[in-house]
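Enquirer: fold the stuff below for me.
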Amino acid sequence: MILDAVFPPDPRVENEAVSLIKSGHQVFLFCLHYDHHNQSENINGIHVKRYSSNKIEYKLSALAYTLPLYSICMKSKIVHFIKINSIEVLHIHDIRIAQTVFNANKKYKLPVVLDLHDNVPEVMKLYPHLQKFPGKFIISPKKWKTKEEEFIHKSDKVIAVSPDFIDTLERRIPSSIHKFVLVPNTVRKSFFTNYVIDQIITERYKDKFVILYLGDTHIRRGLLTAISAVSKLKNTIPNLKLVIVGQNTTDPILKQKVEKLMINDYVDFEGWQNINLFQTYILASQICISPLHRNLQHDVAYANKIFQYMSLGKPLLVSDAIAQKKLVEKNNSGLVHKEKDVHDFSDKVLTLYKNEKLRIELGNNGKEFIENTFSWEQTSKKLVHLYDNLNS
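Expert: Next comes the predicted model:
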């Protein structure tokens, strides 16, 4: 496996690797380090091999398909990794490092599995540094999209994270339909069966009606909608608390909005927290949200948070981004609001606030779906099957 980032943490990479190890494969993980971290380490059976990187290489990675410098810097490291570990198959995690891997693989001609964690060319259009000079003029999402198609053609198999994403890829590249395999981001059973409650968090929110958000807090994730709704809802729900666990560089915009609306007492910015605390935050909440803005990425991808929410029996309130809307409605695990619509968001919160029976019903539906159909132990079977049959 090739990951041009530090490890841990990366739940998807770890989940995939552990599942393959359990099915009898050996997994070696190429990743990076920026300090004096152990260069080799065994984590849950994964042979982690760390290669030194620096801030210059990190910045060059954003220009991977503008200039070849990043690929030149990384190629020798990947060649060394392949050679020293006698690698038999290359599994590329996302497209930023893909060109380098294909260049390094010219000598070895190993089978390649491309794992698309996101619709990266579409996500890039939303990056703040691509909205202004110089990023707007030197980094081309269109070029990244062209390279993505090139890598799909070159790969033996291509993994994607949602049915809608695969549908999009099949329409774009019909000649590669036979390559696509669905392996969504879901939670391992241990997440909802083996955890420890943090009593401090539980005590802090025991008398509150908590609306919870977990994860990246970029503006495109829709939290301005939730914050604006709090200003309306606080008069009807006096013990209301919007709890935001996560962060992003755009957080000052969210915090300024809270200040402007004078709702500081109703919104908690918790920042990034240890994943071991996620279960406590979820269980301390009454509603869990994913108010994504609609775009070509959000319409085809699932946020992992919604599976974490459902696994612990909490009702969802999600925007009408297509993939998550379909999932929630099909399993009757929550309510759907129109994206960016503060009034609709508020109405749906009030519906759930006034009807505890509905909250319990929706939460139980989601929990049953995860336990019986959509845990990692179930959805990873296609990944294992892919590798068990790769040669054929």
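Enquirer: roughly how far apart are residue 268 and residue 249?
Expert: The gap separating residue 268 from residue 249 is 20 Å, by Cβ to Cβ, to the nearest Å. Bear in mind the C-beta positions are built from the backbone N, C-alpha and C, glycine included.
Enquirer: which of the two has more neighbours?
Expert: Neighbours per residue, other Cβ atoms under 10 Å: of residue 268 and residue 249, the larger number sits with residue 268, 17 against 10.
Enquirer: now the element after the least confident helix or strand in the chain by mean pLDDT, going C-ward?
Expert: Here the helix or strand of the chain ranked lowest by mean pLDDT, DSSP states H and E is helix 135-138, holding a mean of 69. Sequence-wise, the next helix or strand downstream of helix 135-138 (DSSP states H and E) is helix 141-154.
Enquirer: in its sheet, what does the following helix or strand past that following helix sit against?
Expert: Using DSSP H and E, the helix or strand that directly follows helix 141-154 along the chain is strand 157-160. According to DSSP bridges, strand 157-160 has the following sheet partners: strand 112-116 (parallel), strand 180-182 (parallel).
Enquirer: for strand 157-160, give the mean pLDDT please.
Expert: Per-residue pLDDT values over strand 157-160 give a mean of 96.
Enquirer: can you name the residues in contact with it?
Expert: 113-116, 152, 166, 169, 176, 179-183, 383, 386, 390 (Cβ atoms under 8 Å, 6 or more residues apart in numbering).
Enquirer: distance from stretch 178-187 to the middle of the chain?
Expert: 13 Å (Cα atoms, centre = their mean, to the nearest Å).
Enquirer: now do the same end-to-end measure for that stretch.
Expert: Stretch 178-187 has its terminal residues 27 Å apart, counting by Cα to Cα, to the nearest Å.
Enquirer: quick check: residue 322 touching residue 302?
Expert: No: counting by Cβ atoms under 8 Å, residue 322 does not reach residue 302; the two are 10.7 Å apart.
Enquirer: ok, these two, which is more surrounded?
Expert: residue 302 (23 against 14).
Enquirer: for that one, give its distance to residue 279.
Expert: As judged by Cβ to Cβ, residue 302 and residue 279 stand 19 Å apart.
Enquirer: follow-up on the earlier one: deepest-packed of the strands paired with strand 157-160, please.
Expert: Comparing these by mean neighbour count (mean count of other Cβ atoms under 10 Å), strand 112-116 ranks first with a mean of 23.
Enquirer: quick check: angle from it to helix 141-154?
Expert: Strand 112-116 runs at 140 degrees relative to helix 141-154, counting by axes from the mean of the first three to the mean of the last three Cα atoms, to 10 degrees.
Enquirer: what is the mean pLDDT for strand 112-116?
Expert: For strand 112-116, the mean pLDDT works out to 97.
Enquirer: where in the protein is pLDDT low?
Expert: By pLDDT under 70, the weakly predicted segments of the chain are 128-131, 135, 137, 392.
Enquirer: tell me the domain boundaries of it?
Expert: As recorded under automatic domain parsing, the domains making up the chain are 11-186+377-388, 189-372.
Enquirer: and residue 88, that one's in a helix?
Expert: No: counting by DSSP: H, G, I helix; E, B strand; the rest coil, residue 88 is not part of a helix but coil.
Enquirer: ok, it - contacts?
Expert: Going by Cβ under 8 Å, 6+ apart, residue 88 touches 110, 111.
Enquirer: thinking again about what came up before, need the strands paired with strand 157-160 in CSV with distance to residue 297, can you?
Expert: Listed next are those as CSV, based on distance: least, Cβ to Cβ, whole Å:
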stretch, distance to residue 297
strand 112-116, 11
strand 180-182, 17
